[in-house]
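Engineer: Make a model of this:
(chains A and B)
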Number of protein chains: 2
Amino acid sequence: VATTDDGTSTPGQAPIDPSILRQEIGEQPEVLARVLDRERANVARLSIRWRRADIQYLTIVARGSSDNAASYAKYMFGALADLSVVLAAPSLYTLYGAEPKLAHSIVLAISQAGESPDILAVVESAKKQRVPTVAITNSPNSTLAKTADDVILLHAGEERSVAATKTFTASIGAFALLGAAWLGAKISYLDELLAMPELMYKVLNVEHGVKSLASTLAGLKHTAVIGRGFSYSVAFEIALKLKELAYVAAEPYSSADFLHGPVAMVDENLHALVIAPTGRAHANSLQFAQAIRNKGGRLIGISDSKEFLELADMGIRVPEAPEWLSPLLTVVPGQLLALHLARAAGYDVDRPRGLTKVTKTI
Amino acid sequence: VATTDDGTSTPGQAPIDPSILRQEIGEQPEVLARVLDRERANVARLSIRWRRADIQYLTIVARGSSDNAASYAKYMFGALADLSVVLAAPSLYTLYGAEPKLAHSIVLAISQAGESPDILAVVESAKKQRVPTVAITNSPNSTLAKTADDVILLHAGEERSVAATKTFTASIGAFALLGAAWLGAKISYLDELLAMPELMYKVLNVEHGVKSLASTLAGLKHTAVIGRGFSYSVAFEIALKLKELAYVAAEPYSSADFLHGPVAMVDENLHALVIAPTGRAHANSLQFAQAIRNKGGRLIGISDSKEFLELADMGIRVPEAPEWLSPLLTVVPGQLLALHLARAAGYDVDRPRGLTKVTKTI
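Structural biologist: All right, here's what the predicted structure looks like:
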């Protein structure tokens, strides 16, 4: 792997950026490998138990970056396993004292620190309703881990950076593992997933290109971030990183929703960052890109498709992967872009203003 | 009602703004009255039939402004009727050929024109699965109306403005009517709802204040729009109008999600427009407002609470209403703000760039 040109993964050389954030971005392949290795048997056991029950729905409860991982799960379980996913609204429980019915459902609660009262309220309600609950968390001793029936650990190590990166991709990995286990006999899903840590190492090599993109984009104030299907969650996660780290007003959309209104904002000053992996949503991404170009907007692509990247004004090429796993790769250039835009503007990426690591909301 | 100072609703006087958009904003009270009057018996009949079935979930499918109405329904049915709501992802059906399971669910499809192929795909799948389907539409002869088992009409008249206003509040009214019927014996819900058209007439009187707010805010490029619980949908709808009409990069959030990351962007240049009706979410809104002020952000309030408006840098006071119906009032100042910001910038509000009235997405 050609990493020597930027030193990304060559021990002994100075890292491309000295921040904790950059270090944790770089840890993502090994964290993914670890969660797949250590949770595989646990997840297989859970999925066998669930298949015996009458499970028709998944209910997922999350906040912040974890909510973006939940959105990945909504598309993944929907597209591959024909499951309908409810993204729970915690305020129904905490502000309105309601307890929406969860029959025929499993509740998956994702929280890195596992202490947010609103997330816990949903799990408590599910337990009262005798619905299976699973905590997906990085904190084995958290209240969430102790409250839920079962736990899937993320094995990400301490996340010191305020902006979540490795716990996001570890959560995607945990969901993908659940999906592969659910699909059972179709064993190729698991094989595809187990190949991903290697591809994640490779995608870190985009950093040189991303740094140069960041200097072209320096001073960027506003951008739309577009993704559809599996990439919808990636658009939301990249937009969140751009906001948290580089204070760019980055607005995430599905291409379909964008065409239902916000497209009005497109002019030669608007950048659209489009997540466009090859796969079932790709023809749609190409059409969307053409529509934006026709309106005079500027297009930045994150894609493994040569055709798409030729259409874009600026682009970052990622390795090819099965579409359902592409978020593990396409999110990485976005994380790095947020980092380098922040650097170019002189911001402290390890201490974004106004943020604390553990946010407890009700 | 003191409408003569701005001519809002006095026949014979020149209207405050000659656009089709302004006319349709003004029609909202009568449209709401019409949908309540004409659909009440139909909705009561539907809800009796559903209560006999084993309904545990609602699945709602929508795009654009209708998607924001769907988000209202998620909170309303959750908070008042303990129902879990799935917001369907149409691309699962159209791009991935999946058919998520819909057992124990009713499918509500909202589409003003009723011709969007992705919305229709979800309804077709529900029919195959023998799940009850209802179209909520402004077009009685549309494909959607003909495909669904039942139809709730919005009676909004032709919506000529590209930016939806009266069909949005009519959709909220239709959902509220369904909620009131579902709650059945608790008859006060229906009484509360039937009082809303009168309050909507009154809220139009905010226009004078909104116009002055718009001139203070002229040139606004970016704002966060915050709402929680019932007001979450209002934040999204107002943000959409600001984007469509005034090309303001308006980003909607729940206050809880905002504190999990985007709060990093708060400084003396960031405006936060907060939808803060009195009710169960209000203490939370007050805390949030205080947090934003402490970080030096500028606060604009839409509220019936004197306490909240005193905390805000700028505010628009709306009439008091039950919290579950407050979106019918709080959205109106937002619609008017988008209109007058657009006017102040010299934009044509009846022809926003890049938008067409009927958007067909797959």
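Engineer: In contact with A:T330, which residues are there?
Structural biologist: A:231, A:234, A:275, A:277, A:302-303, A:318 (CB atoms under 8 Å, 6 or more residues apart in numbering or on different chains). For every residue, glycine as well, the C-beta is placed using N, CA and C.
Engineer: Now do the SS call for it.
Structural biologist: For A:T330, the assignment made with DSSP: H, G, I helix; E, B strand; the rest coil gives helix.
Engineer: circling back: JSON lines for the contacts of A:T330, including neighbour count, pLDDT and distance to B:L337?
Structural biologist: Shown next, in JSON lines, are the contacts of A:T330 (neighbours: other CB atoms under 10 Å in any protein chain shown; pLDDT from 0 to 100; distance: CB to CB, whole Å):
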{"residue": "A:S231", "neighbour count": "31", "pLDDT": "97", "distance to B:L337": "33"}
{"residue": "A:V234", "neighbour count": "29", "pLDDT": "98", "distance to B:L337": "32"}
{"residue": "A:I275", "neighbour count": "31", "pLDDT": "98", "distance to B:L337": "32"}
{"residue": "A:P277", "neighbour count": "29", "pLDDT": "98", "distance to B:L337": "38"}
{"residue": "A:I302", "neighbour count": "32", "pLDDT": "98", "distance to B:L337": "35"}
{"residue": "A:S303", "neighbour count": "27", "pLDDT": "98", "distance to B:L337": "38"}
{"residue": "A:V318", "neighbour count": "25", "pLDDT": "98", "distance to B:L337": "41"}
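Engineer: just these now: which is nearest chain B?
Structural biologist: Among those, A:S231 lies closest to chain B (CB to the nearest CB), at 10.3 Å.
Engineer: Okay, and which of the contacts of A:T330 map to strands?
Structural biologist: Using DSSP state E, the members of these that fall within strands are A:275, A:302-303.
Engineer: Is it correct that A:S233 is in contact with A:N68?
Structural biologist: Yes. Using CB atoms under 8 Å, A:S233 makes contact with A:N68 at a distance of 4.9 Å.
Engineer: returning to what we had before: make CSV from the contacts of A:T330 and add distance to chain B to it.
Structural biologist: Output for these, formatted as CSV (distance: CB to the nearest CB, whole Å):
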residue, distance to chain B
A:S231, 10
A:V234, 14
A:I275, 14
A:P277, 12
A:I302, 18
A:S303, 16
A:V318, 20
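Engineer: Where do the strands of the stretch 251-362 of chain A begin and end?
Structural biologist: Per DSSP state E, counting those that start in this stretch, the stretch 251-362 of chain A carries strands over the ranges A:271-275, A:298-303, A:314-317.
Engineer: How many neighbouring residues does A:E30 have?
Structural biologist: Neighbours of A:E30 under the rule other CB atoms under 10 Å in any protein chain shown: 16.
Engineer: C-terminal to the one helix or strand it maps to, what's the next element?
Structural biologist: Applying DSSP states H and E as the criterion places A:E30 in helix A:28-52. The C-terminal neighbour of helix A:28-52 among helices and strands, as given by DSSP H and E, is strand A:57-61.
Engineer: quick one: average pLDDT of that following strand?
Structural biologist: Mean pLDDT, computed over strand A:57-61, is 96.
Engineer: if we can go back for a sec, so what does the helix holding A:E30 touch, helix or strand wise?
Structural biologist: strand A:150-153, helix A:166-183, helix A:196-203 (3 or more CB pairs under 8 Å, 6 or more residues apart in numbering or on different chains; DSSP states H and E).
Engineer: Out of these, the one nearest B:G227 is which?
Structural biologist: Nearest to B:G227, of all the helices and strands packed on helix A:28-52, is helix A:166-183, at 25.6 Å by CB to CB.
Engineer: re earlier: what sits up against the helix holding A:E30?
Structural biologist: In contact with helix A:28-52 (CB under 8 Å, 6+ apart) are residues A:106, A:132, A:134, A:150, A:152-157, A:165-166, A:169-170, A:173-174, A:177-178, A:181-182, A:184, A:193-194, A:196-198, A:200-201, A:204, A:328, A:332.
Engineer: which of these come close to chain B?
Structural biologist: By CB under 8 Å from any CB of the partner chain, no member of those lies near chain B.
Engineer: quick one, phi psi at A:V318?
Structural biologist: Torsion angles at A:V318 (phi, psi; degrees, to the nearest 10) stand at phi -110, psi 160.
Engineer: ok, now which ones touch the residue lying closest to it once chain neighbours are set aside?
Structural biologist: Leaving aside its sequence neighbours, A:V318 sits nearest to A:L329 (CB to CB, 6 or more residues apart in numbering or on different chains; 4.6 Å). Neighbour list for A:L329: A:196, A:199-200, A:203, A:277, A:304, A:318-319, A:321 [criterion: CB under 8 Å, 6+ apart].
Engineer: Relative to chain B, which of these is nearest.
Structural biologist: Using CB to the nearest CB, A:P277 comes nearest to chain B of the contacts of A:L329, at 12.4 Å.
Engineer: which residue packs closest to that closest one, ignoring adjacent ones?
Structural biologist: A:S326 (3.7 Å).
Engineer: Return the residues in contact with that neighbour.
Structural biologist: For A:S326, the contact set (CB under 8 Å, 6+ apart) comprises A:230-231, A:234, A:277, A:279, A:304, A:318.
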